[in-house]
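**Student:** how does the following fold in three dimensions:
(2 chains, ligands or ions: 6)
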Amino acid sequence: MNEPILEVENLTVQFKKKTKLFQSAGDEDKWKRVLDSISFSIKQGETFGIVGETGSGKTTLARTLVGIYRPKEYRIKLNGKQIDFRKREDILLLRKNIGIVFQDPVGSLNPRVTVSEIISEGLPDQQRLTDEQLGKKIKEASELVELPESKLEAYPTELSGGEKQRVSLARTLIGGKKILVLDEPTSSLDVSIQAQILNLLIGLKNELSISYIFITHDLNVIKFMCDRVAVLYYGQILEQGNTHEIFERPRHPYTADLIGANLSFTSSSEFSVAHESGEPSREGCIYQNSCGKRYTACEKSPPIFDLGKSLVKCWLYDYAEKSRAGSPREK
Amino acid sequence: MSAPTSHRDNLGTNLLEVRDLTVNFETVDRIVEVLKDVSIRVGREEVVGVVGESGSGKSTLAQTVIGVLDTPPARITKGTVGFEGKEILQRSDKKINFRGKGINMIFQEPLTSLNPVYSVHDQMEEAVNIGEPKMEKKEKETVIRKSLREVMIRDVEGVLNVYPHQLSGGMRQRVSIAMVLVQKPKLLILDEPTTGLDLIVQRKIISLILNLKKEILSSILLITHDLEVAAYMCDRVYVMYAGRVVESGNMKEVLQRPLHPYTTMLKNSVPEGYAKEGSLKVSSGAPPDLRHLPSGCAFHPRCQSAKDECRSKIPELKAKKDGREVACWLYE
Ligand SMILES: Nc1ncnc2c1ncn2[C@@H]1O[C@H](COP(=O)(O)OP(=O)(O)OP(=O)(O)O)[C@@H](O)[C@H]1O
Ligand SMILES: Nc1ncnc2c1ncn2[C@@H]1O[C@H](COP(=O)(O)OP(=O)(O)OP(=O)(O)O)[C@@H](O)[C@H]1O
Ligand code: SF4
Ligand code: SF4
Ligand SMILES: [Mg+2]
Ligand SMILES: [Mg+2]
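**Tutor:** Residues are numbered from 1 along each chain as shown, chains lettered A, B, ... in the order given. Ligands and ions are numbered 1, 2, ... in the order given. Predicted coordinates:
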């Protein structure tokens, strides 16, 4: 029961840079590494959060997991089965099991078809169903997401932002997907609508025991929703672990800076603007140009240290046991 | 921080006094009332927030005050806007932009306040010219550099020579703050000044704004949908729903003891802490479409305390004790 349903090891995704016509680029200059050797795993019924700022690679990760991008390096196991991105049946297996909900509810729904048709897109084998069976499934899915039946024949433009996200969710749920990648599912919504969707997600998870990969830049949402969290910075996971541990005892200087900058109703402290944020470093520790704790060791890239409740990629924890690269231990 | 002053007693001391402002957006086939009888005031050195969800009229209010509202399609049908005791509301087509005349504004998207075809230096110079047209060239250059350093820009000369699109979002927002700074406004209006910026940058900009506010002793009117940002920055707050102010008061007190059911819901919507057993206390439904406002109190379809009269009669904003105001039949 507590076996991970998804294991990701050393996932590296890179995109070809657009090189200017007369510029001769070296081999490593031709590629932009957007995800750099990231590893994590998820158990059934778990909500795993990925927090990161703009451009850190969150959406790229989401799209890779549903087979839209082919990674350069990886070892991905779904329910114990090794996935080979060159095989069509493996990609289909990914898509059958992993659903995705995008941030932008406008762009992700086809404006020309009705809500019920959009929801049925989530069924891979809908041709095999009778109209009656299909109708029943659509109705069940829309009830799960608390979408009024009256909206089923509407078009996306007639829906509010929150309703559109409910439709996106219904589309992933109708196919019985076990893992949902939620890429900023509430970032474009008003806070009261966000609250409704968060409540819905919590309820669905308890009811269906699905797992979420919850991607957001909002620390308060991550803290509220997730069992475990990974902190992504320009393609690298700098820290991951139990949510409570990460928020109460952030170990990585970047995590500490993020949490220190976050505002909640109880924040009152002055914020120190002493150190400037710099560009990510291409050599050694990626955070060194912004880190207030940098020292000589940081010229080399730090390995991942295992602190028990969290894994940290920072030389400050040199005394701790090195985690075997790419295999984050379950606590 | 200044103590909240009571509405009636200190009319003369308010820097900004908006009264009964009503604004419509008028198109050929319909008239939509976007602001209805909105009254707000900002005291000297006060930081005042206007919070509410999208479409509640926050930006329209800010744009009306500073005189950049497009009329048409908008039409101001009622109200007054007093700044330092003088009426500044303009209903005619000939609008005076109040930037540089004591009021200044920073927009959500800094590119709105920055001109893409001029270098940072030239725009800064223009900003200085508005405030101090007679200043000598050499002194202008000093002022420009000083204000860029004050917004924590390290490579001042580098930034001066580039165009806005060559800067990151955080840098652009710093430049637009620096531009405002040289004009030393008495009232600074911020419309979602940090929305869309990365967290660490956002927090730096907020600290920067609060520090500068202390230095030049200006007042701030902060427009935001982010209750946590408002809670951190503001002395007082106005809560808007569907074009009306539904509650106002001291920021901390409003959060601790919201009076209006909408304010309560807004507060409960914000995920705070770790998910406990239950869920966020929020009712169903969404902010109304202004074209089809519910009768009576616009919040009634989502309100758990709604009674019969809520469905037929619109509650007015009424003063309560401790400088609080609320528009809700529960408090009649
Ligand atoms: N298809 C692509 N081709 C080339 N570069 C890409 C592609 N997709 C993303 N990138 C680049 O990869 C980096 C990470 O982008 P990604 O969209 O994954 O970030 P994100 O964390 O989702 O950011 P945001 O918070 O803004 O959504 C960015 O620098 C982006 O420009
Ligand atoms: N140019 C316009 N023509 C017609 N209607 C408009 C125009 N500008 C704004 N509106 C309408 O006025 C209402 C209030 O808009 P406003 O931008 O003031 O809201 P807001 O509270 O600032 O929202 P947000 O949080 O989304 O910025 C909205 O319903 C909007 O659709
Ligand atoms: S490895 Fe060094 S530079 Fe990097 S985060 Fe740790 S202390 Fe800072
Ligand atoms: S007036 Fe009535 S419906 Fe409106 S907020 Fe008050 S109790 Fe609720
Ligand atoms: Mg993204
Ligand atoms: Mg606005």
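**Student:** got the buried residues for the helix or strand hosting residue B:20?
**Tutor:** Residue B:20 is part of strand B:14-26, with elements assigned from DSSP states H and E. Within strand B:14-26, the residues that count as buried by 16 or more other CB atoms under 10 Å in any protein chain shown are B:14, B:15, B:16, B:17, B:18, B:21, B:22, B:23, B:24, B:25. No exception for glycine: its C-beta is placed from N, CA and C like everyone else's.
**Student:** local confidence estimate at residue 88?
**Tutor:** Reading this off chain A. pLDDT, residue A:88: 93.
**Student:** I was thinking of chain B, sorry if that wasn't clear
**Tutor:** Per-residue confidence at residue B:88 stands at 81 (pLDDT).
**Student:** helix, strand or coil for the nearest residue to it once chain neighbours are set aside?
**Tutor:** Once flanking residues are discounted, residue B:88 sits nearest to residue B:81: 5.4 Å by CB to CB, 6 or more residues apart in numbering or on different chains. For residue B:81, the assignment made with DSSP: H, G, I helix; E, B strand; the rest coil gives strand.
**Student:** in the sheet, who's paired with residue B:81?
**Tutor:** Beta-bridge partners recorded for residue B:81 (DSSP bridges): residue B:18.
**Student:** show me what from the stretch 151-300 of chain A comes close to chain B.
**Tutor:** Counting by CB under 8 Å from any CB of the partner chain, the residues of the stretch 151-300 of chain A close to chain B are A:160-162, A:190-196, A:198-199, A:202-203, A:217, A:219-221, A:223-225, A:243-244, A:257-258, A:260-268, A:270-271, A:273, A:276-277.
**Student:** who touches the residue in chain A positioned nearest to ligand 5 in this structure?
**Tutor:** Going by CB to the ion, ligand 5 is nearest to residue A:59 of chain A, at 3.2 Å. Contacts here follow CB atoms under 8 Å, 6 or more residues apart in numbering or on different chains; on that basis residue A:59 touches A:103, A:183, A:215.
**Student:** buried residues, the lengthiest helix in chain A. List them.
**Tutor:** In chain A, ranked by residue count with DSSP state H as the criterion, the top helix is helix A:191-208. By neighbour count with 16+ other CB under 10 Å, helix A:191-208 contains the buried residues A:191-202, A:204-205.
**Student:** just curious, which of those is nearest to ligand 2?
**Tutor:** Nearest to ligand 2 among the buried residues of helix A:191-208, counting by CB to the nearest ligand atom, is residue A:191 at 10.6 Å.
**Student:** what mean pLDDT does stretch B:312-323 have?
**Tutor:** Average pLDDT, stretch B:312-323: 92.
**Student:** which residues touch it?
**Tutor:** Applying CB under 8 Å, 6+ apart, the set of residues contacting stretch B:312-323 from outside is B:4-7, B:37, B:39, B:236, B:244-246, B:248-250, B:253, B:259, B:295-298, B:325-329, B:331-332.
**Student:** recalculate using a threshold of 6 Å.
**Tutor:** By CB atoms under 6 Å, 6 or more residues apart in numbering or on different chains, the list of residues contacting stretch B:312-323 from outside reads B:4, B:6, B:245, B:249, B:296, B:297, B:325, B:326, B:327, B:328, B:329.
**Student:** filter the residues you listed down to the ones in strands?
**Tutor:** Among those, the members falling in strands (DSSP state E) are B:245, B:249, B:325, B:326.
**Student:** just among those residues, which is most surrounded?
**Tutor:** Taking other CB atoms under 10 Å in any protein chain shown as the neighbour criterion, residue B:245 ranks highest of the ones in strands among the contacts of stretch B:312-323 with 27 neighbours.
**Student:** what's the distance between residue A:129 and ligand 3?
**Tutor:** Computed as CB to the nearest ligand atom, to the nearest Å, the residue A:129 to ligand 3 distance reads 53 Å.
**Student:** phi, psi for that residue please.
**Tutor:** phi -100, psi 150 (degrees, to the nearest 10).
**Student:** what's the answer for residue A:101, then?
**Tutor:** phi -120, psi 130.
**Student:** isn't it right up against residue A:167?
**Tutor:** No. Residue A:101 is beyond contact range of residue A:167, at 9.8 Å (criterion: CB atoms under 6 Å).
**Student:** just checking, which of the contacts of residue A:59 belong to strands?
**Tutor:** Using DSSP E, the contacts of residue A:59 in strands are A:183, A:215.
**Student:** need the contacts of residue A:59 in a markdown table (columns: neighbour count and pLDDT).
**Tutor:** Shown next, in a markdown table, are those (neighbours: other CB atoms under 10 Å in any protein chain shown; pLDDT from 0 to 100):
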| residue | neighbour count | pLDDT |
| --- | --- | --- |
| A:103 | 20 | 81 |
| A:183 | 21 | 94 |
| A:215 | 27 | 96 |
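**Student:** what is the nearest of the contacts of residue A:59 to residue B:222?
**Tutor:** Distance to residue B:222, by CB to CB, is smallest for residue A:103 among the contacts of residue A:59, at 25.7 Å.
**Student:** what pLDDT does the nearest residue to the closest one once chain neighbours are set aside get?
**Tutor:** Leaving aside its sequence neighbours, residue A:103 sits nearest to residue A:184 (CB to CB, 6+ apart; 3.6 Å). In this model, residue A:184 is scored at 91, pLDDT.
**Student:** so residue A:184 makes contact with residue A:101?
**Tutor:** No. Contact criterion CB under 6 Å: residue A:184 and residue A:101 do not qualify, at 9.1 Å.
**Student:** those two: who's more crowded?
**Tutor:** The neighbour comparison of residue A:184 against residue A:101 (other CB under 10 Å) goes to residue A:101, with 25 against 20.
**Student:** relative to ligand 4, how far out is that one?
**Tutor:** Going from residue A:101 to ligand 4 by CB to the nearest ligand atom gives 32 Å.
**Student:** do residue B:266 as well
**Tutor:** To ligand 4, residue B:266 is 12 Å away according to CB to the nearest ligand atom.
**Student:** again, but for residue A:133
**Tutor:** In terms of CB to the nearest ligand atom, residue A:133 sits 43 Å off from ligand 4.
**Student:** now the helix or strand hosting that residue and helix A:191-208, what's the angle there?
**Tutor:** Element membership of residue A:133, judged by DSSP H and E, is helix A:131-144. On the basis of axes from the mean of the first three to the mean of the last three CA atoms, to 10 degrees, helix A:131-144 is oriented at 120 degrees to helix A:191-208.
**Student:** next SSE after the helix-or-strand element of chain B with minimal mean pLDDT?
**Tutor:** None of the helices or strands of chain B scores lower by mean pLDDT, DSSP states H and E than helix B:110-113, at a mean of 67. The helix or strand immediately downstream of helix B:110-113 is helix B:120-131, counting by DSSP H and E.
**Student:** contacts for that following helix next, please.
**Tutor:** B:100, B:115, B:140, B:143, B:144, B:159, B:160, B:175, B:179, B:182, B:183.
**Student:** could you export stretch A:132-147 as PDB, CA atoms only?
**Tutor:** Output in PDB follows, covering the C-alpha atoms of stretch A:132-147 (Å, rounded to 0.1, in the frame of the first residue of the first chain):
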ATOM      1  CA  GLU A 132     -26.200   6.200 -22.200                       C
ATOM      2  CA  GLN A 133     -23.100   5.000 -20.500                       C
ATOM      3  CA  LEU A 134     -21.100   8.000 -21.600                       C
ATOM      4  CA  GLY A 135     -23.900  10.400 -20.300                       C
ATOM      5  CA  LYS A 136     -23.800   8.600 -17.000                       C
ATOM      6  CA  LYS A 137     -20.000   9.000 -16.700                       C
ATOM      7  CA  ILE A 138     -20.100  12.600 -17.600                       C
ATOM      8  CA  LYS A 139     -22.800  13.200 -15.000                       C
ATOM      9  CA  GLU A 140     -20.800  11.400 -12.300                       C
ATOM     10  CA  ALA A 141     -17.700  13.400 -13.100                       C
ATOM     11  CA  SER A 142     -19.500  16.700 -13.000                       C
ATOM     12  CA  GLU A 143     -21.100  15.700  -9.700                       C
ATOM     13  CA  LEU A 144     -17.700  15.000  -8.300                       C
ATOM     14  CA  VAL A 145     -16.500  18.500  -9.100                       C
ATOM     15  CA  GLU A 146     -19.900  20.000  -8.000                       C
ATOM     16  CA  LEU A 147     -20.600  21.400 -11.400                       C
END
